[in-house]
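Enquirer: return atomic coordinates for the entry below.
(chains A and B)
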Amino acid sequence: MSTVERQLREYFDAGVERISVDDVMAQAAVREERLEPLRTRRSLKPAWAAVGAFAATIVAIGGVVALLAGVQHLTGKVGVDAAAIVDAGGETIGIWLVAAVAVALAAATVTWLIRRSSNNASRREPDQGKVMVMRTIEQAETDAEATKQQSRWPMIVIAVLAVTVVGLVAWMVFAMRPNSPNAAPTEVVELMEEYTAAWNSFDADALEAVVTPSYRIRSARLGEEMNIEAIRTELFPYLEGIEWHNPITGPYYAVGSPDQWFVSTEGSGIEGSAFSDGVQWQNGVFTVVRVEGELRVREHFFYAED
Amino acid sequence: MEADDHRAFTRFVKETEPRLSYALAAAYGLEVGAEATADALAWAWEHWESLQGKHNPAGYLYRVGQSKARRYHRPRVLFPAIPVAEAPSVEPGLTAALGSLSKNQRVAVVLIHGMAFSEREVADLLGISRWSVRTHADRGLRRIREALGVSADVNR
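Expert: Residues are numbered from 1 along each chain as shown, chains lettered A, B, ... in the order given. Sure thing, here's the model as predicted:
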């Protein structure tokens, strides 16, 4: 058995490709003449290119969305714009994801083609057992032509499909992701939509149909509470007179059990702050209970900010 | 002037290239090491004027080689098997043992124990102290011996 030192010497003497001054000069000459060096880099990875392009697209889109959201927020029209942004985002995010997947596919394909070309250029010479130092563009093209004769399409198809599947899965996961872990169930959302519609049409009968007999609307700030009759005879006529309108249509969030939910909306106010000297009224919390199998609003607690 | 530069660069390559080739091969594997060495030396020629003014041009060039190496795809096998005819003494487990060492341990043990460079030369190349080089080399050698199941007193 040989010593480790001898083994190391033999291994590296045999395996390390030494570079001579002539090699360096030749490479410099090739660069000056703009010929293609053989030692092309192989750091281009299609998968990473796809991931990077996908992420960059998403990040870029996120930046635009954040910018738009910020602009909308600065308008001061609380409620309307927030809802509009949420709606816009919900409708167009699919298109953005398609764009991101398309960009990722394009990046992967281009990178793969470049990488294939690079690999062709750096193949070992079979009769020398050593990597060539460099070669001309003409030689590279000749090799590339020879390689084209080999069928690479199956690999291309597999790569494209793989990227597509990953993109679609990501899309599906994103699309299925609820806005919040506490996103309200459909049944609650439908109730809240009917409730809001009743308020916006000042229709006390419609409101009565979606609330419990003990329904109260309460304000912590004013220390007031109203039942359905007070709303019908006093509040609705007043609100109709000032053309009050509640634009909040969700998203709704809920915690609780199937028979009792505490529901709220994303931080947004109600248009018509002139209702009370610049006070912006907030929806606050709805208490929703199940009565004889149907969900009803039992209490609407709202608050206000100056 | 150009002829002087050429002569000086030739001398520099003759002095530096062996250390650089073996060091980068030990650090990044045979294939990437060779690529990085070629790139680093090409860089050296392109920046010969500024490189001459460096305090430790070999060490500087090693760092250039490290930067170049990072731009290459790291192969799965850093140290592929070599035909027995070319290296009859090498045991099959040597390459795996090398792969299990840290980068600095590999460089130190290969340059010092394999290629007989001095601790000073290796320390200059790596930009670390001689004491650190010795530690890396000794630990690397010990781990290779353990992996191969050999002792220090094997006949040379």
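
Enquirer: give me the buried positions along the longest helix along chain B.
Expert: Scanning chain B for the helix with the most residues, using DSSP state H, yields helix B:2-28. For helix B:2-28, burial by neighbour count (16 or more other Cβ atoms under 10 Å in any protein chain shown) applies to B:9, B:12-13, B:16-28. Yep, even glycine has a C-beta here, placed from its N, CA and C like the rest.

Enquirer: for the record, mean pLDDT for it?
Expert: Averaged over helix B:2-28, pLDDT sits at 90.

Enquirer: that helix: what's the following helix or strand?
Expert: helix B:30-46 (DSSP states H and E).

Enquirer: report the angle between that following helix and helix B:2-28.
Expert: With axes from the mean of the first three to the mean of the last three Cα atoms, to 10 degrees defining the directions, helix B:30-46 sits at 150 degrees from helix B:2-28.

Enquirer: residues in contact with the very next helix or strand once past helix B:30-46?
Expert: Going down the chain from helix B:30-46, the next helix or strand is helix B:48-52, by DSSP H and E. Contacts with helix B:48-52, where a contact means Cβ atoms under 8 Å, 6 or more residues apart in numbering or on different chains, come from B:5, B:8-9, B:44, B:57, B:60-61.

Enquirer: before we move on, the earlier item: and the longest helix of chain B, does that touch chain A?
Expert: Yes. Interface with chain A: helix B:2-28 contributes B:9-10, B:13-14, B:17-18, B:21-22, B:25-26 (Cβ under 8 Å from any Cβ of the partner chain).

Enquirer: export these to JSON lines and tack on distance to residue A:113?
Expert: Output for these, formatted as JSON lines (distance: Cβ to Cβ, whole Å):
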{"residue": "B:9", "distance to residue A:113": "37"}
{"residue": "B:10", "distance to residue A:113": "40"}
{"residue": "B:13", "distance to residue A:113": "36"}
{"residue": "B:14", "distance to residue A:113": "40"}
{"residue": "B:17", "distance to residue A:113": "35"}
{"residue": "B:18", "distance to residue A:113": "38"}
{"residue": "B:21", "distance to residue A:113": "32"}
{"residue": "B:22", "distance to residue A:113": "36"}
{"residue": "B:25", "distance to residue A:113": "30"}
{"residue": "B:26", "distance to residue A:113": "34"}
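
Enquirer: what is the most widely separated pair among the contacts of helix B:48-52?
Expert: B:5 and B:60 (17.5 Å; Cβ to Cβ).

Enquirer: where exactly do the strands run in chain A?
Expert: A:211-219, A:224-226, A:252-257, A:260-265, A:280-291, A:294-305 (DSSP state E).

Enquirer: stretch A:16-23 near chain B at all?
Expert: Yes. With Cβ under 8 Å from any Cβ as the criterion, chain B is reached by stretch A:16-23 at A:16-21, A:23.

Enquirer: with the buried residues of helix B:2-28 in mind, which one is nearest to residue B:119?
Expert: Nearest to residue B:119 out of those is residue B:19 (Cβ to Cβ; 12.5 Å).

Enquirer: for the closest one, give me its contacts.
Expert: Going by Cβ under 8 Å, 6+ apart, residue B:19 touches B:58, B:111, B:117, B:121-122, B:125.

Enquirer: for residue B:68, pull up the helix or strand it's in.
Expert: Element membership for residue B:68, per DSSP H and E: helix B:57-70.

Enquirer: which SSE is immediately downstream of that helix?
Expert: Counting by DSSP H and E, what follows helix B:57-70 is helix B:93-99.
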